[in-house]
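Provided below are the primary sequence and the corresponding predicted coordinates.
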Amino acid sequence: MNLLESMIQRAKANKQRIVLPEGSEPRTLQAADRLLRDGVTEIILLGDPQEITTQAKETGLTNVGRATIVNPTEHDQKENYIDLLLELRKKKGMTPEQAARLVEDPLYLACLMIKNGDADGEIAGAQNTTGNVLRPALQIIKTSPGVKVVSGAFIMFTKTPQYGENGILLFADCAVMPNPTAEELASIAIASAQTAKSLVGVEPRVAMLSFSTKGSADHEMIDKVREATRIAKEMNPALLIDGELQADAALVPDVGASKAPGSAIAGRANVLVFPTLEAGNIGYKLVQRLGNAEAVGPVLQGMAAPVNDLSRGCSVDDIYNMVAITANQALGLKQND
Ligand code: ACO
């Protein structure tokens, strides 16, 4: 059974409530129909119930009737959610008028449902930008205890079984933090190790990437990666992590042995932590396009409850798979409680 298939099975065995704020978006609706047909999760669709049911009928989506549909402008919990949002954001100067307006925004409503315990995870982004999906989640759901920053990882299914874990690697951060500090980078490394363990099911071996291996060059950007490695080790002494390493030293046993002799990670890494978002985002896309790798993600990590962002070019399959991944993240977080 491949990794995604096993995630789907795990999700089916313990159904999570996944909220889809873009409830009337055609690909989202099709994915919801298939997820309900296959019994992968419970689905909450946000949108105009009339519009959703008409669209489902017209396109022959017979399972959508099993979803819970919530109209953002009119539902039983609206006043409760306004109070909750106000409570959470009053220190930031939010007014009752702003809160009343924002709860009608499906992206805010979805996060409030999760915060209130009415849903277990959210996926959006088929219509909305990454920033618009992330902002309410960062403001309302926030990071899990002990985690400093939210970041985005890709599970890379490469065609090179000699690297990573039989060709599977986790890359981060490829989606959120443009230029993390050393402390933030350490937090990204720890969250990535957790994702590798709980979602990919591998024992993480984390390489902190740079353009230098163990002092082969000197620059403040390299100092940041060294400092991040030190902080991550201090935060989690049991973590298998090393840096700074160049990508070849991290992946290729011979290169690792010659450039970083004695390192437990060099030549064996299965989690690659990039020094900046530029490097991570460019890196995963190059491996995806030039190396024909399948890139699954970004899987957002470090949030107190899972929220995931889709690419606006996503397919129905992408949404389906991301719902299964989100359900697995929700289960993983509950097990860690
Ligand atoms: N982790 C945790 N909290 C965060 C993070 C983070 N990474 N970033 C921001 N926050 C919090 C802030 O502390 C703040 O909280 P507060 O309001 O309670 O004080 C809140 O989120 C809003 O912070 P701002 O800095 O005002 O947020 P901003 O609106 O600038 O945007 C965002 C944050 C959306 C994550 C921004 O950093 C961003 O757009 N990043 C890049 C995303 C992107 O475009 N990625 C590439 C595309 S994805 C792809 O290609 C796969």
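Arrived safely, thanks for sending. Numbers count the residues shown, from 1 in each chain.

hey, let's count contacts and neighbours off CA atoms from now on
Fine.

OK, contacts around Arg135?
Applying CA atoms under 8 Å, 6 or more residues apart in numbering to Arg135 gives no contacts.

typed the wrong thing, it's Glu22
Thr28, Leu45, Leu46, Gly47, Pro106, Ala124, Gly125, Ala126, Gln127.

for the residues you listed, which one is nearest the ligand?
Distance to the ligand, by CA to the nearest ligand atom, is smallest for Gly125 among the contacts of Glu22, at 10.0 Å.

with adjacent residues omitted, what lies nearest to that closest one?
Leaving aside its chain neighbours, Gly125 sits nearest to Leu310 (4.4 Å; criterion: CA to CA, 6 or more residues apart in numbering).

same check on Asn166?
Nearest residue to Asn166 in three dimensions, chain neighbours excluded: Thr160, at 7.5 Å (CA to CA, 6+ apart).

next, count neighbours for that neighbour.
13 (other CA atoms under 10 Å).

identify each buried residue in stretch 146-156, please.
By 16 or more other CA atoms under 10 Å, the buried positions in stretch 146-156 come out as Val147, Lys148, Val149, Val150, Ser151, Gly152, Ala153, Phe154, Ile155, Met156.

my read: the fifth one touches Gly302, true?
Yes - here Ser151 reaches Gly302: they are 6.7 Å apart, a contact under CA atoms under 8 Å.

can you list the residues of the stretch 201-337 of the chain near the ligand?
Residues of the stretch 201-337 of the chain found near the ligand (CA under 6 Å from any ligand atom) are Pro298.

report the contact partners of Val287.
With CA under 8 Å, 6+ apart as the criterion, the residues that contact Val287 are Thr158, Ala293.

isn't there a helix covering it?
Yes - under DSSP: H, G, I helix; E, B strand; the rest coil, Val287 sits within a helix.

I'd like the numbering to begin with 2 instead of 1 from here.
Sure, I'll start numbering at 2, so the last one becomes Val288.

the ligand versus that one, what's the distance?
13 Å (CA to the nearest ligand atom, to the nearest Å).

residues in contact with the longest helix along the chain?
Residue-count comparison of every helix in the chain, with assignments taken from DSSP state H, identifies helix 317-337 as the longest. Applying CA under 8 Å, 6+ apart, the external contacts of helix 317-337 come out as 5, 8-9, 11-12, 16-19, 28-29, 31-33, 35-36, 41-42, 121-124, 199-200, 298, 300, 305-309, 311.

mind listing what's buried in that helix?
With burial defined by 16+ other CA under 10 Å, the residues of helix 317-337 counted as buried are 317, 319-334.

and stretch 124-133, by the same measure?
With burial defined by 16+ other CA under 10 Å, the residues of stretch 124-133 counted as buried are Ile124, Ala125, Gly126, Ala127, Gln128, Asn129, Thr131.

tell me the confidence at the residue of the chain lying at maximal distance from its centre?
In the chain, the greatest distance from the average C-alpha position (CA atoms, centre = their mean) is reached by Ser259, at 34.8 Å. As predicted, Ser259 sits at a pLDDT of 97.

Serialize the buried residues of stretch 124-133 to CSV and add fields for distance to Ala251.
CSV is the format used below for those (distance: CA to CA, whole Å):
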residue, distance to Ala251
Ile124, 33
Ala125, 34
Gly126, 33
Ala127, 35
Gln128, 37
Asn129, 36
Thr131, 30
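
redo those residues as CSV? Include secondary structure.
Compiled in CSV, the buried residues of stretch 124-133 are given as follows (three-state DSSP):
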residue, secondary structure
Ile124, strand
Ala125, strand
Gly126, coil
Ala127, coil
Gln128, coil
Asn129, coil
Thr131, helix
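
and the ligand, which of those residues contact it?
Cross-checking the buried residues of stretch 124-133 against the ligand (CA under 6 Å from any ligand atom) gives Thr131 as the overlapping residues.

pretty sure Ala101 contacts Ile83?
Yes - using CA under 8 Å, Ala101 is in contact with Ile83, at 5.7 Å.

who's more crowded, those two?
Shown here are Ala101 and Ile83; by other CA under 10 Å, Ile83 has more neighbours (22 against 18).
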